[in-house]
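Engineer: coordinates for the following, if possible.
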Amino acid sequence: MDFPRIQNEATVSRGRYIRLEKTFRSPLVYRKLQALTASLASRSLSYSTRPMTHLPAELCAKIAQEIRRWDSRLAEEKALANLSVVSKTWRPEALRALWSKVVIDDEDTGKAEPRGTTRLVSLIVNKGYATHIRDLSIDLDMESWPEDERYRERSFPIQSKIINILYTAVNVQRISIRSTNSKGQRILSHLYHCRFPLLRELKMRLSFADWDEKIGCSRSFPGGLDRFLFNHPGLVELEFNVMNDNEFADEPIRLPSHTPLAANILPNLTRFIGGVEEAKFLRPCASLKEVVLVVNIDSHMCYESPEFLNDFEHIKGPLLNVRSLEFRAVEGLYIDLEEVETIDSCFPNLETLTGIDLDPWLVDALLLKKRTLLQVLHKLKEYTYHGVENEGTPPHRKIRRVEKAMAKLPRIFPHLEYASRCVAHGPRRRPVCPPSRLYFQFDGNGSIISREERGTVISAPETESD
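Structural biologist: So this is what the prediction gives:
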């Protein structure tokens, strides 16, 4: 960046110019701003032909917005905070970008402002910055965090300040809420009454204690979350996980699915991430294309076939427009023929299935030539599994049998084009085994055309007959 040209054209004072130069002098900031300036120069921006007395507000806004897209939260905030004191032209654009992304947590407690501490909450409320917020993340554990003396008000605690931000952040487009140890119930109850006309993404990771009637699901969700979802039809992405705070729990928190508003929520949702229990809120709609089911999110809980089948019965399917289904589990999740048929009944038009391993019983069934198998998921084109096996995980005893079974997958998935299984063995697995990587590419007749990872096509080697 040509600092003398900026100095002459902007005609800023020497002191303000020095602050601007110090901001851009950092190697990381300098490289990013140099690339940004070159990019902006190539675009058709309307400038006056008269000598400029300062940089155009349009250019300042674009630079500030680009800085906010960096992948370093500290670097973003430091650069924008410095730019906000350069001049009257820079200040509103830098502050608008600075407060467009707000994270209220306890991870950063340094002296630099603004940070994810209680002082950030007080600054937003006192200065009225909530209307600038586009991306808001809140850790509900912050409701009881001790405030600095200079911001402390007995009649206006930090919990009330967070609630104030929720009611005044009317331009927010993305919200992320998380809690542990059943915290933040009062904040959640107020969130359910808020309306965000521009909200497109919602992420909620909540913790409840099933033994506490005052916190139980029956009081937290009916008339609350379902009404919030009903009032925000513009949501396109929803990530929703409810965890059981009881470490001795043997089942997940159960959520109500039959509420008066349940049939009319999430009409424009395109992507869902959450547990099978949370998927009760899903309803058939033309926009929903991708579903990610988080299974066994608490590692101390066991999730077996009977629970799998029972939970899938509560999904209001069939979800005809879903094309991609992914399972995420702490350790390997296995499916047999019955589970595959259940998936087919809920998601009959899947094209991609990810994150679920073949059960040993399914391997045996695929290798039996005389057994007739029901064909399901007729539009499935890709099956992939990447996992880790530790001690206690029911591994396949002979990987060669799994390899032969995968070659027979077109017996149940008639239009399968690609299948892969990559398994690494964790540190708790004994004996230690090398990673297993299997790749198959099939033609329209179910014959193998390649044993290489997708992207390369090599003639398939001859396989042994069963």
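Engineer: which other helices and strands contact the helix or strand containing residue 365?
Structural biologist: Counting by DSSP states H and E, the element that carries residue 365 is helix 360-367. Helix 360-367 makes packing contacts with helix 337-346, helix 399-407 when contacts are defined by 3 or more CB pairs under 8 Å, 6 or more residues apart in numbering; DSSP states H and E. For glycine as for every other residue, the C-beta is placed from the backbone atoms N, C-alpha and C.
Engineer: and the helices in the stretch 101-250 of the chain?
Structural biologist: 118-127, 158-168, 185-191, 217-220, 225-230 (DSSP state H, counting those that start in this stretch).
Engineer: dump those to JSON lines, plus mean pLDDT, mean neighbour count and distance to residue 152.
Structural biologist: JSON lines is the format used below for the helices of the stretch 101-250 of the chain (pLDDT from 0 to 100; neighbours: other CB atoms under 10 Å; distance: least, CB to CB, whole Å):
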{"stretch": "helix 118-127", "mean pLDDT": "84", "mean neighbour count": "18", "distance to residue 152": "9"}
{"stretch": "helix 158-168", "mean pLDDT": "92", "mean neighbour count": "19", "distance to residue 152": "9"}
{"stretch": "helix 185-191", "mean pLDDT": "87", "mean neighbour count": "17", "distance to residue 152": "19"}
{"stretch": "helix 217-220", "mean pLDDT": "38", "mean neighbour count": "15", "distance to residue 152": "29"}
{"stretch": "helix 225-230", "mean pLDDT": "85", "mean neighbour count": "20", "distance to residue 152": "31"}
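Engineer: generate a markdown table for those helices, with distance to residue 287 as supplementary columns.
Structural biologist: Shown next, in a markdown table, are these (distance: least, CB to CB, whole Å):
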| stretch | distance to residue 287 |
| --- | --- |
| helix 118-127 | 33 |
| helix 158-168 | 27 |
| helix 185-191 | 24 |
| helix 217-220 | 28 |
| helix 225-230 | 14 |
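Engineer: among those helices, which is nearest residue 364?
Structural biologist: Distance to residue 364, taken as CB to CB, is lowest for helix 217-220 among the helices of the stretch 101-250 of the chain, at 40.2 Å.
Engineer: and for stretch 341-350, what's in contact with it?
Structural biologist: Outside stretch 341-350, the residues within contact range by CB atoms under 8 Å, 6 or more residues apart in numbering are 291, 308-309, 312, 315, 317-325, 335, 353, 374, 376-380.
Engineer: buried subset of those residues?
Structural biologist: Buried members of these, counted by 16 or more other CB atoms under 10 Å: 291, 308, 312, 315, 317, 319, 322-325, 335, 353, 376-377, 380.
Engineer: quick check: residue 74 vs residue 80, distance?
Structural biologist: 11 Å (CB to CB, to the nearest Å).
Engineer: between these two, point out the one with more neighbours.
Structural biologist: residue 80 (24 against 12; other CB atoms under 10 Å).
Engineer: okay, and that one sits in which element?
Structural biologist: Assigned by DSSP H and E, residue 80 falls in helix 73-83.
Engineer: give the buried residues for that helix.
Structural biologist: Quick answer for helix 73-83 (16+ other CB under 10 Å): 76, 77, 78, 79, 80, 81, 82, 83.
Engineer: again with stretch 168-177
Structural biologist: 168, 169, 172, 173, 174, 175, 176, 177.
Engineer: return the residues in contact with the third one.
Structural biologist: Under the criterion of CB under 8 Å, 6+ apart, the contact list for residue 172 reads 133, 134, 135, 136, 196, 198, 199.
Engineer: can you do 6 Å?
Structural biologist: The contact partners of residue 172, taken as CB atoms under 6 Å, 6 or more residues apart in numbering, are 133, 136, 196.
Engineer: can you redo those residues as CSV with pLDDT and distance to residue 190?
Structural biologist: Formatted as CSV, these follow (pLDDT from 0 to 100; distance: CB to CB, whole Å):
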residue, pLDDT, distance to residue 190
133, 95, 16
136, 94, 14
196, 96, 13
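Engineer: restricted to strands, list those residues.
Structural biologist: residue 136 (DSSP state E).
Engineer: so can I have JSON lines of the contacts of residue 172 showing neighbour count and distance to residue 282?
Structural biologist: Listed next are the contacts of residue 172 as JSON lines, based on neighbours: other CB atoms under 10 Å; distance: CB to CB, whole Å:
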{"residue": "133", "neighbour count": "22", "distance to residue 282": "28"}
{"residue": "136", "neighbour count": "23", "distance to residue 282": "24"}
{"residue": "196", "neighbour count": "22", "distance to residue 282": "21"}
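Engineer: of the buried ones among the contacts of stretch 341-350, the lowest pLDDT goes to which?
Structural biologist: Least confident entry in the buried ones among the contacts of stretch 341-350, by pLDDT: residue 308, with 72.
Engineer: element containing that residue, please.
Structural biologist: helix 305-312.
Engineer: what's next to that helix, contact-wise?
Structural biologist: 276, 339, 342, 346.
Engineer: now render those as a markdown table, adding distance to residue 264, neighbour count and pLDDT.
Structural biologist: Below are the contacts of helix 305-312 laid out as a markdown table (distance: CB to CB, whole Å; neighbours: other CB atoms under 10 Å; pLDDT from 0 to 100):
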| residue | distance to residue 264 | neighbour count | pLDDT |
| --- | --- | --- | --- |
| 276 | 22 | 21 | 83 |
| 339 | 31 | 18 | 86 |
| 342 | 26 | 21 | 89 |
| 346 | 21 | 20 | 91 |
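Engineer: which of those residues sit farthest apart?
Structural biologist: It's 276 and 339 that sit farthest apart of these, by CB to CB, at 11.8 Å.
Engineer: circling back: what's the angle between the helix or strand that the helix holding residue 80 is followed by and helix 73-83?
Structural biologist: Remark: after helix 73-83, the chain's next helix or strand is helix 90-98, criterion DSSP H and E. Counting by axes from the mean of the first three to the mean of the last three CA atoms, to 10 degrees, helix 90-98 lies at 160 degrees to helix 73-83.
Engineer: domains of this protein?
Structural biologist: Residue ranges for each domain of the chain read 1-98, 353-466, as given by automatic domain parsing.
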